[in-house]
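Enquirer: with the input below, show me the fold.
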Amino acid sequence: MAANFSSVPVLDFALVSDNATKAEFILQLRHALINVGFLYLNNHTVSQKVTNDLIDYIPRLFDLPQEAKNQIFMANSPHFLGYSKLGAEFTKGKTDYREQFDFATPHETQWKPGAPEHLRLWGPSQWPDENLIPGFRNTMEIYLQQVQALSYQFINLLAEAFGLPSDALNKFYDTDELMQHRGKVVKYPANDGSLTDQGVGPHYDAGFLTFLLTASPHRGLQVQNLSGQWIDVPPIPGTFIVNIGKALEFVTRGLARATSHRVLSPPVGSTPRYSVPFFQNISLNARLADEVLDFPSEILQLKQLRGDPVQTDSVNFAEFDREPSGKVNLIGRVKSHPDVAQRHYPDLFDQYFPNGLPKQVSAY
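Expert: Prediction:
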């Protein structure tokens, strides 16, 4: 199959700044979006100093006393923000061997009693004690703001790659004060020999775009190509790894590919793997089934040339055909963190876990 892939393409963002080379970037982006669903982005606009500062903080963040981490435990937050201990999630019945913190861009929740529950999904982050890790919050917030700005610029280029006006996808976002984007800081400890190699099992991401910063030199990320083979995506210093989420796949009627991916734990005897994914959200109230994008026929033909993938190992985020985006995301979070749902969303908890807290849950 000509459209099948055995590696992830590297795109040079510097090409965008020159009208003489922008068309070349758009062409490369079109190929990556339709045929791969993943790409490396080099020479981007996020400050290298801010990125380096964040990377320097990460081991110190995970080395905080357990008591300090537990003070911002995710179960405290109706917004699913905060700390998740090692082995708290499962994918496809197996433990995800990772520890993580969820943070987000600043946002005051829009939910009020009587409003749809999915509006509670966004709200203020929980941050570690400033005295224990001075400067981390400021660095993380600057980083999230800069990646947010890059993601908005990138979504306009993505529209052009689909043969649409550059602002064609703007309708899926609210004004800045009504939007929130999420980041994670993740540690995958080296396998001690007692567990499987599953850092996180096969899954899709939910929104439009994910920007992944690989914060250590370890391999581990793999993506599934059209024939179902797992392809390594090794770190390339100075790049983001960008991938398509299920919301973008749905709204483009499958033109854009949300590609199944997983992370393998570092091998026995290795050091921890660190990464920082940024998940670009769309409006909580966006109903993707109600939106129709009018793609040029020559762009739609590229989907036919690509063909359809075999059955993948990922099954999450299948509700975009009947629910607003925020509800789809909330369902995913409830399934992955039933302890949070039990405390803050009891009706949804009872719906998805009628027998009480499960021993194993889906990570997405």
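
Enquirer: got the contact list for Asp339?
Expert: Met74, Ala75, Leu357 (C-beta atoms under 8 Å, 6 or more residues apart in numbering). C-beta here means a position set from N, CA and C on the backbone, and glycine is covered the same way.

Enquirer: phi and psi next, for the last one.
Expert: When read as degrees, to the nearest 10, the backbone of Leu357 gives phi -60, psi 130.

Enquirer: need the per-residue pLDDT for the nearest residue to Leu27 once chain neighbours are set aside.
Expert: The shortest distance from Leu27 to any non-neighbouring residue, by C-beta to C-beta, 6 or more residues apart in numbering, is to Ala161 (8.0 Å). In this prediction, Ala161 carries a pLDDT score of 98.

Enquirer: count the residues that sit near Ala161.
Expert: Neighbour count for Ala161, taken as other C-beta atoms under 10 Å: 20.

Enquirer: show me the contacts for it.
Expert: Per C-beta under 8 Å, 6+ apart, neighbours of Ala161: Ile26, Leu27, Leu29, Arg30, Leu33.

Enquirer: tell me how many other residues crowd the first one.
Expert: Okay, so that is Ile26. For Ile26, the count of nearby residues is 17 (other C-beta under 10 Å).

Enquirer: first residue to last residue on stretch 22-42, what's the distance there?
Expert: Start-to-end span of stretch 22-42 (C-alpha to C-alpha, to the nearest Å) is 14 Å.

Enquirer: quick one: average pLDDT of it?
Expert: Averaging pLDDT along stretch 22-42 gives 97.

Enquirer: just to revisit the earlier point, let me know the closest of the contacts of Asp339 to Asp197.
Expert: Comparing the contacts of Asp339 against Asp197 with C-beta to C-beta picks out Met74 as the nearest, at 24.9 Å.

Enquirer: contacts only, for the nearest residue to Pro267 once chain neighbours are set aside.
Expert: In this structure, Pro267 finds its nearest non-sequential neighbour in Asn191, 6.1 Å apart by C-beta to C-beta, 6+ apart. Contact analysis of Asn191 by C-beta under 8 Å, 6+ apart lists Tyr97, Asp197, Ser265, Pro266, Pro267, Val268, Ser270.

Enquirer: for Asn191, grab phi and psi.
Expert: The phi/psi pair for Asn191 (degrees, to the nearest 10) is phi -60, psi 130.

Enquirer: re earlier: the contacts of Ala161, buried ones only, as a ChimeraX selection?
Expert: Entered in ChimeraX, the line below selects the buried ones among the contacts of Ala161, by 16 or more other C-beta atoms under 10 Å:
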select :26,29,30,33
